[in-house]
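Task: produce atomic coordinates for the following.
(chains A, B, C and D)
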Number of protein chains: 4
Amino acid sequence: MTEKRKYKLNCSDRAEFHNNAAYCIGTGRMNLALRHEYHKQLKKVQEDIGFSHIRGHGLFCDDMAVYHTYMEEGEEKTEYNFTYIDLVFDDYRALGLKPFVELGFMPEKLASGNQTVFYWKGNVTPPKDYGKWAELVSAVIGHWIERYGREEVAAWPFEVWNEPNLPGFWKDADEKEYFKLYEVTSRAVKSCDSRIRVGGPAICGVDDERWLRSFLQFCTVNQVPLDFVTRHAYGTEAPEKDGHYQYQRLRTPEAFMEELRTSRSIIDSFKEYKGMEMHITEFNTSYTPLNPIHDTNLNAAYVARLLSEMGDICASYSYWTFGDVFEEEGVSFTPFSGCFGLLANGGIPKPTYWSFVFFKKLSDFAIFKNEYAVITKDGKGGIRGVCWNIAEEQGDFALTLEFSAELENGSYAVVQKLVDEETCNPLKAWVDMGTPANPSGEELEVIKECALPRVKTRRLEVTEGRADIEIKLSSNGVCYFEITPIYPKADRGFRVELIRGAR
Amino acid sequence: MTEKRKYKLNCSDRAEFHNNAAYCIGTGRMNLALRHEYHKQLKKVQEDIGFSHIRGHGLFCDDMAVYHTYMEEGEEKTEYNFTYIDLVFDDYRALGLKPFVELGFMPEKLASGNQTVFYWKGNVTPPKDYGKWAELVSAVIGHWIERYGREEVAAWPFEVWNEPNLPGFWKDADEKEYFKLYEVTSRAVKSCDSRIRVGGPAICGVDDERWLRSFLQFCTVNQVPLDFVTRHAYGTEAPEKDGHYQYQRLRTPEAFMEELRTSRSIIDSFKEYKGMEMHITEFNTSYTPLNPIHDTNLNAAYVARLLSEMGDICASYSYWTFGDVFEEEGVSFTPFSGCFGLLANGGIPKPTYWSFVFFKKLSDFAIFKNEYAVITKDGKGGIRGVCWNIAEEQGDFALTLEFSAELENGSYAVVQKLVDEETCNPLKAWVDMGTPANPSGEELEVIKECALPRVKTRRLEVTEGRADIEIKLSSNGVCYFEITPIYPKADRGFRVELIRGAR
Amino acid sequence: MTEKRKYKLNCSDRAEFHNNAAYCIGTGRMNLALRHEYHKQLKKVQEDIGFSHIRGHGLFCDDMAVYHTYMEEGEEKTEYNFTYIDLVFDDYRALGLKPFVELGFMPEKLASGNQTVFYWKGNVTPPKDYGKWAELVSAVIGHWIERYGREEVAAWPFEVWNEPNLPGFWKDADEKEYFKLYEVTSRAVKSCDSRIRVGGPAICGVDDERWLRSFLQFCTVNQVPLDFVTRHAYGTEAPEKDGHYQYQRLRTPEAFMEELRTSRSIIDSFKEYKGMEMHITEFNTSYTPLNPIHDTNLNAAYVARLLSEMGDICASYSYWTFGDVFEEEGVSFTPFSGCFGLLANGGIPKPTYWSFVFFKKLSDFAIFKNEYAVITKDGKGGIRGVCWNIAEEQGDFALTLEFSAELENGSYAVVQKLVDEETCNPLKAWVDMGTPANPSGEELEVIKECALPRVKTRRLEVTEGRADIEIKLSSNGVCYFEITPIYPKADRGFRVELIRGAR
Amino acid sequence: MTEKRKYKLNCSDRAEFHNNAAYCIGTGRMNLALRHEYHKQLKKVQEDIGFSHIRGHGLFCDDMAVYHTYMEEGEEKTEYNFTYIDLVFDDYRALGLKPFVELGFMPEKLASGNQTVFYWKGNVTPPKDYGKWAELVSAVIGHWIERYGREEVAAWPFEVWNEPNLPGFWKDADEKEYFKLYEVTSRAVKSCDSRIRVGGPAICGVDDERWLRSFLQFCTVNQVPLDFVTRHAYGTEAPEKDGHYQYQRLRTPEAFMEELRTSRSIIDSFKEYKGMEMHITEFNTSYTPLNPIHDTNLNAAYVARLLSEMGDICASYSYWTFGDVFEEEGVSFTPFSGCFGLLANGGIPKPTYWSFVFFKKLSDFAIFKNEYAVITKDGKGGIRGVCWNIAEEQGDFALTLEFSAELENGSYAVVQKLVDEETCNPLKAWVDMGTPANPSGEELEVIKECALPRVKTRRLEVTEGRADIEIKLSSNGVCYFEITPIYPKADRGFRVELIRGAR
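Numbering: from 1, shown residues only, chains lettered A, B, ... in the order given. Sure thing, here's the model as predicted:
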């Protein structure tokens, strides 16, 4: 099935579009940031995309070894160990990243219980001593100020805990207890430097409306510091499980966005918080790292659409996560394992990786946006756009977009980069090779070669102030295109018509 | 126009094929080996292809600063400077390359005249003092023996001068003088270590039959050391010039090979030299570094065919050259300039680069070879082949090859890597962008993205001892394919049928 | 106090010396090999020293995620995950290392109890099912054979468990149970390939004589495969504890060696095992990673002496460990923390690092060895030696060694590299800077500058077949020296007497 | 002989000191910037020192291949080739350097004569067509504006030609002709962007007073653009030659400075130019690249003194040159060859390298300066200084400087880095090894180990507001020291008194 749609683009048009795609990216827990493979993947991500911030769990977990106690003269004393924290944060800085600091989970020695989350056993119980917790928060921030300078740290956003509205992440999903934690923590943060921005409640989409309202209520009533609101957003229904995997159906992008709009209006309904920044500190299609959808072209197309719209109401939206060095559900048996990352292990870019690469090339100045495309000016007389064709159901569905674009007369280079199930589908390549659990170096090389966009160029001569551009998208295709003014000048004697294949 | 051809492949078939594609590669003059861009290009070539030897001009030219004289007590004394020679040869060794040493041209201080060749002015006159020339040769070889060890240097092949049958490369193309040079030089080489292999006459295809005969005659009559014969081979007619460029018509591959066969039979006609190794120390389509053909897909297809056949009669064949850091006709104004390299400046692989990458993956054990393809066993129950479709004339010409291959029953992964005018044509990409003389970093990135093969995979199930493989080649396409036995084993719960786009 | 000793060296002398210093090196547990800092440290070690093998704990610990079970149709099934194992062993191979495989500890799912060792909780109980254990061993070896080739894996040595004679490492230090484990494991290893060499009992110096005897008795009686014997050796007494640290007194080198000689003679007392290889799979001064002695020059001098003697009776001796990425007693609070490594965290070489660098430069052909020095021929007419001055007690103790060396007449370059408490003492530099727990980049730079040997050169002219060499060692100094024949030839006009400071 | 001098340092003291040591550095001709060894050396220099600008000869020389002509329809046309210029300037930018552009020498096709300078034959004759010269200048600047942006290029300083007061560098040292060149060129520069700063006359110390006066006269009378004045400064007398080398006597630093002060007062004598920036676009001890003084510690000490004083009257002073990839007098036969560089070939830092490293660590806020030392505040309560002991004559001359420094009570870390003839003298190491023309990798390694400062640390406790610091300098020593406040805090249980050698 093929559908064809035509649109007219005018230079003076202006469409709503806020390109915050590269503001923040998610990561596996802090301790994994000590890994060599993690470092290589994050380095590649930063070279190709270049995010500004990074956020992940586990800053205070025991494998980061921050919080310690010992007995001295019959008294329990506290000592802090910043060895691993420094390794991680030094590396982030070297890679051009600021942290979007998530304060959690609970060091065992400070925990009131022993409930944990994940394979890596993050303790999710409240502190047994809120004073010591506040001291811990202050000590860590104080250490950062000493190490990186006050101005630097004052520019980092801080978030309190993760998804306290789920009993798995916060004992009993106890609202009151979280509000207490939030208050103590946010005041501790501000005590280090009043310019540091702090927010919460970091909830996911379960009972979220009620939580958000009572959280904001609590903050305003108690004059608790709040500089921004955070929440998470995922686009799938409940999973069906099989062996190591979980399969789910996607919600529509409209339903996904609607949930965020509801949050937005709850915030705006408080006069103190009207217009306050809302940060989506996690988003993705599925919320489980065992769903192969993350490895597909469908995911890339779905995320492209989200990237075009989320900025309308969110200050940022942090894709969960940059890579597959991740252990929430244990260690993957295979390079493609349905994990969240933009990169599969071995450093293979998944299709969704390119959605971010492509959005990074767009400006904020959009002249067109709809459910299939966003097109922005390049500031030099040309345009750049991203198009997508979400096709969840099996079966081919081809979409052709035709744009009649207003352009100054002259020469242009058209570059198209196409990512679809045929051209850039490393998951399929791996399946074709027999889904090897431990591919050889040679096999990995082929899979990576199948993970690159197909790039095409052509020359465009505009003579009457307008040009037709046709973008063909097969199922779940994502296409970046740019139309850039050029001033061709052939080298003396270079006669293209004499050269076989040059045109 | 499309042509379809069908072939049957049997495991027990054996076709003649000697895969010496990676034995030797040509290079711009020695002094250019000091360049940073040269080093980067050669490093890439070695990582992706991995040649064994390298050969180029200019070892003794003044910009290598080897030979010096000074006056002392009224007498002229000689001194040698190995500073640059060491930089160059140390780097070659670090990159896994042995030199195929070309002894030439003439240091100014040792020259009998002032005739030079090329923009970089290599002196092409005989030595004014053959004794000093012999000393120079011995001194340099002696220095290498000291630096790299006797065993190492004893394994390097040495060639005397370059194309003495052209008056441009050797004053008056004086045959007698060259024979003298050859005799003096080869004896000087042997005096350093009798195991070092030396050869000549390094002629190109002008009056070559006569030259070769009298050279061999000379050697045999005078008992002059000769371990192998060398010559050059180019596949084009005389050029038409325009500005910085030269355009030529290709000779047929058959004509190209015929010329070599004639040399072969001349050698074999000498009973002392029958079966002696013949090394093609330079080959390419055009012999001018100003012909854009080198940058085309046509060149890749033509060279693929040559690589399949040259080993039948030649011990090696050294493509002239690995990269475009080259100044024989001056400094290129543009990244694509018709120069000889496998890589264009900026590190862009040209289509012919991939012909070498592909042949490097073939074994010596061929089961099929004809004018379109060579197919070899992989030693593990699978096969690997390279196919090509030379289409010099403008206009599309599609070729479909169908192989019915005998294979053990079981599962196979099929990988195809395609290079043709549509899929991997950086020259066209650069033309589309307006032939920028000095592309920006961003433009260069796009051109490189257009310089990669299109890689496809599929799964193949063989159930009746035979499988059909179809290779479609558009004009000037070169295709590598491999069919590798696999033993698929899905991870527990990985249900490919549930994953959109995985098959 | 200064002591002066004189020795005569003759070319024809031959002293016993087996230079196996670089055969094997210890490492923190396998999971730590996934770390970025670990990789950087090991890379540096391999560049500067270049060990052949590496050995560490924790191959089967849960953080390597190898062994898994799941229920299917009411039955417990096993599945293996090689993801992390491959990352680790691929990296070792890329760094030029073969594993000296230690088989242990116990995966939780396979364990008969829950007793653990170390901060990182290695399970030290016997398997609850020896059949499944044998399958695990075979599965892992089988996987390696598939990945790296049978020839490669057949060359790796395997050791069964670690220090079973300590109840902390093996439940109840149960001898019979260990022998059972050894038998099952060694047979499983041999079932993969009979050429693979396997050994034990990997004991430390507690009740070691009895253990070794009964182990060998067990093997010979039961015809259990045994290709070599392994044990550990440490040079300190019981510790005094304070806060994060432990302090101990050194045993004499003689006592250290005596313990090994006893093991040697026990082995030799079995006629089947007489002369069998004994590998010291761990050695160091102190056996606790909390003893600052590891960071001192004393350690370097003491180890230098051990390196000169251990080869007399041991096939290898693996220093425990290459670096301080190590968590047996938790995460270090500071860069110098008394941990075992040759490198402190941050990549700072400790003095002992240089003892290994120096011994790597020696040949096996010794002309002199005593309690202060070992001197070997360099094969080119010169000599190379290492000297040391162990001075445990506080207070300066200077040692001057004077060698009268027989040398051919001619010119020599003398190079001395000195590591002592004054010249190369990064621990002191760090103390001088205030023992910063988290040094800044600048501070780290200074500490590294204080971690390099002081290198001195001089010219030596031998005119009467003999030269005097004086080596001055302050307390705990280690000195490498080489005397290399040279053939000086000054550049034309280079008049050293005119150049201020050149001599 | 030893001399001892005592000084009192007070926090409120202020000495004149302008630390412009890292503003600009000299380089071998532009074409050499294409070299791999050049790139490696410059990269190291930028990592360790980090200059802001770079200046060298040969932008328009034929080996940069910029200027070309061809005949078309009977007319000579011009074409420009920016291939090499882009390679060089892209690399500079990647290394953090802006060019201090020297406009020269003359392309052969544009030259009025054939007089050349140097081994590499730079044409030093006036343009045969000033219009075409102006076009060339504008074309190159225009190209840079297009490639790097107008703002960027507007910040680059431009200088017209090099040492026109020497007949070797400018035909007949023709003043009038130079003024014409200067006028045409400076106007061409300003025509590209009026913000670009341009200066001259780039003279050396021959007839310089007269030249400078008439140049300024010319500019002011003719209203010729002039943004700054440039000249060169060298500290040696006429050379004595021998073979490849030249030996000279040093002038006193006072004489060196006096010459610059004279220039300064000539400039200031013009009311239009009073206070105008004077840039020393080249300085060094000797002006010949064949004088071994450049490789000595004497050079390091002499230059240290110059670096302390030149900023008093000069806006910048560009050491000639960063490295020894240099061909003015041909290709060096040996790694140490008396060439200008901070680094010898092979990447060996010469003693003078460290003078720059040390000055880079000083601030502009000096509290003490005399003929032996300069000491600055570090902004954090500590001080940093550089001391030197120039001892030209043979024979040891030891200097001890004692400073009584006012410091807040508390703990300090003292770091000293010493470079002198004993501790950091790679030239001597190379001599000791027999002055090998082509050192092996191993030899080079030892030489580099002998090219590092000796670094010492100690702890300083200030209890009465003042501390004594003693700096001992042997002949030609240069010493950097820093006294930095620290807040020592030992790890729990770390008892330094128990650790052998830690204090």
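
Check the stretch 1-150 of chain A for the residue nearest chain C and tell me.
A:A65 (3.8 Å; Cβ to the nearest Cβ). For every residue, glycine as well, the C-beta is placed using N, CA and C.

what residues are up against the closest residue to that residue other than its chain neighbours?
Using Cβ to Cβ, 6 or more residues apart in numbering or on different chains and skipping residues adjacent in sequence, the residue nearest A:A65 is C:V331, 3.8 Å away. The neighbours of C:V331, taking Cβ atoms under 8 Å, 6 or more residues apart in numbering or on different chains as the test, are A:A65, A:N81, A:T83, A:Y84, C:Y119.

My read is that the residue of the stretch 1-150 of chain A closest to chain C contacts A:N81, right?
Yes. Look at A:A65 against A:N81 with Cβ atoms under 8 Å: they come within range, at 5.0 Å.

tell me the secondary structure for the residue nearest to A:A65?
coil (DSSP: H, G, I helix; E, B strand; the rest coil).

Any figure for the gap between it and A:E135?
Counting by Cβ to Cβ, to the nearest Å, the separation of C:V331 from A:E135 is 20 Å.

follow-up on the earlier one: around the residue of the stretch 1-150 of chain A closest to chain C, count how many other residues there are.
Neighbourhood size, A:A65 [other Cβ atoms under 10 Å in any protein chain shown]: 21.

Now do the same for it: its pLDDT.
The model reports A:A65 with a pLDDT of 97.

Over to A:E329?
96.

Touching, it and A:F118? I think so.
Yes. Applying Cβ under 8 Å, one finds A:E329 in contact with A:F118, separated by 7.5 Å.

Check the spacing between the residue nearest to A:A65 and chain D real quick.
Between C:V331 and chain D the computed distance is 12 Å (Cβ to the nearest Cβ, to the nearest Å).

and what of A:K98?
Note on A:K98: its distance to chain D, by Cβ to the nearest Cβ, is 23 Å.

Pop out the phi and psi values for that residue.
Here is the backbone geometry of A:K98 (degrees, to the nearest 10): phi -100, psi 150.

ok, it - contacts?
Shown in contact with A:K98 (Cβ under 8 Å, 6+ apart): A:S52, A:H53, A:I54, A:Y92, A:A155, A:W156.

so the closest residue in space to the fifth one that isn't next to it in sequence bridges to which residues?
Pointing back at A:A155 there. Residue nearest to A:A155 in three dimensions, not counting chain neighbours: A:K98, with 6.8 Å by Cβ to Cβ, 6+ apart. Beta-bridge partners recorded for A:K98 (DSSP bridges): A:H53.

Do I have it right that A:T423 meets A:V455?
No. A:T423 is beyond contact range of A:V455, at 9.8 Å (criterion: Cβ under 8 Å).

List the residues that contact the residue of the stretch 1-150 of chain A closest to chain C.
Taking Cβ under 8 Å, 6+ apart, we find A:A65 in contact with A:N81, A:T83, A:Y84, C:G330, C:V331.

Just send those back as TSV, with distance to B:Y487 too.
What follows is the contacts of A:A65, written out as TSV (distance: Cβ to Cβ, whole Å):
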residue	distance to B:Y487
A:N81	47
A:T83	45
A:Y84	41
C:G330	44
C:V331	42
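
Just want the residue of the stretch 251-400 of chain A that's nearest chain D.
Ranking the residues of the stretch 251-400 of chain A by distance to chain D (Cβ to the nearest Cβ) places A:K380 first, at 12.5 Å.

ok, for that residue, nearest residue in space, not its chain neighbours?
Using Cβ to Cβ, 6+ apart, the closest residue to A:K380 is A:P485 (6.5 Å).

Mind jotting down where the strands sit in the stretch 351-500 of chain A?
When secondary structure is read from DSSP state E, counting those that start in this stretch, the stretch 351-500 of chain A shows strands at A:366-369, A:373-377, A:383-388, A:398-406, A:410-419, A:454-462, A:466-473, A:478-486.

other SSEs contacting the first one?
So that's strand A:366-369. strand A:2-9, strand A:373-377 (3 or more Cβ pairs under 8 Å, 6 or more residues apart in numbering or on different chains; DSSP states H and E).

Would you give the sheet partners of the shortest one, along with the direction of each?
When you say that, I think you mean strand A:373-377. Strand A:373-377 is paired, per DSSP bridges, with strand A:366-369 (antiparallel), strand A:383-388 (antiparallel).

can you tell me which two in the contacts of A:A65 are farthest apart?
Using Cβ to Cβ, the contacts of A:A65 span at most 11.1 Å, a distance reached by A:Y84 and C:G330.

can you give me the helices for the stretch 201-350 of chain A?
Remark: helices assigned in the stretch 201-350 of chain A by DSSP state H, counting those that start in this stretch are A:208-222, A:253-269, A:297-309.

and those, which is most packed in?
Between the helices of the stretch 201-350 of chain A, helix A:297-309 has the highest mean count of neighbours, a mean of 28, where neighbours are mean count of other Cβ atoms under 10 Å in any protein chain shown.

For the closest residue to chain C within the stretch 401-503 of chain A, report the pLDDT, please.
Minimum separation of the stretch 401-503 of chain A from chain C (Cβ to the nearest Cβ) falls at A:N438, amounting to 5.2 Å. On the pLDDT scale, A:N438 is placed at 96.

Ramachandran angles for it?
Dihedral angles for A:N438 - degrees, to the nearest 10 - are phi -130, psi 80.

count of residues packed around the residue lying closest to A:I499 once chain neighbours are set aside?
Distances taken as Cβ to Cβ, 6+ apart put B:P292 closest to A:I499, at 4.6 Å, once the chain neighbours are dropped. By the criterion of other Cβ under 10 Å, B:P292 has 25 neighbours.

And A:D193, by the same measure?
Number of residues near A:D193 (other Cβ under 10 Å) recorded here: 14.

domain assignment for chain A?
Domain ranges of chain A: A:2-13+A:365-489, A:24-360, per automatic domain parsing.

would JSON lines of the ones you listed with distance to D:P351 be doable?
Formatted as JSON lines, the domains of chain A follow (distance: least, Cβ to Cβ, whole Å):
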{"stretch": "domain A:2-13+A:365-489", "distance to D:P351": "47"}
{"stretch": "domain A:24-360", "distance to D:P351": "32"}
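
and of these, who's closest to D:K6?
domain A:24-360 (37.2 Å).

Just the terminal-to-terminal distance for the closest one.
12 Å (Cα to Cα, to the nearest Å).

Flag every residue of chain A that's near chain C.
Residues of chain A lying close to chain C (Cβ under 8 Å from any Cβ of the partner chain) are A:34-39, A:65, A:70, A:79, A:81-84, A:86-87, A:91, A:143, A:147, A:243, A:330-334, A:345, A:437-438, A:440.

Please pick the buried ones from those residues.
A:34-39, A:65, A:79, A:81-84, A:86-87, A:91, A:143, A:147, A:243, A:330-334, A:345, A:437-438 (16 or more other Cβ atoms under 10 Å in any protein chain shown).

Quick one: mark the members of these that sit in strands.
Secondary structure from DSSP state E places A:E79 of these in strands.

sorry, back to before: quick one, phi/psi of the residue nearest to A:A65?
Per degrees, to the nearest 10, the backbone of C:V331 is at phi -90, psi 130.

Give the burial count for A:E406, as a bare number.
Residues contacting A:E406 under the criterion other Cβ under 10 Å number 16.

Am I right that the residue of the stretch 251-400 of chain A closest to chain D is in contact with A:I486?
No. Using Cβ under 8 Å, A:K380 is not in contact with A:I486, being 10.4 Å away.

more crowded one of those two?
Set side by side, A:K380 and A:I486 show more neighbours around A:I486, with 18 against 8, by other Cβ under 10 Å.

any idea how far C:C479 is from the residue in the stretch 51-200 of chain A positioned nearest to chain D?
Residue of the stretch 51-200 of chain A nearest chain D, by Cβ to the nearest Cβ: A:E79 (6.6 Å). Going from A:E79 to C:C479 by Cβ to Cβ gives 40 Å.

Where does pLDDT dip in chain A?
The model of chain A has pLDDT under 70 over residues A:394-395.

ok, now which ones touch the nearest residue to A:E272 once chain neighbours are set aside?
Of all residues not flanking A:E272 in the chain, A:T220 sits nearest, at 5.2 Å (Cβ to Cβ, 6+ apart). A:T220 makes contacts with A:F270, A:E272, A:Y273, as judged by Cβ under 8 Å, 6+ apart.
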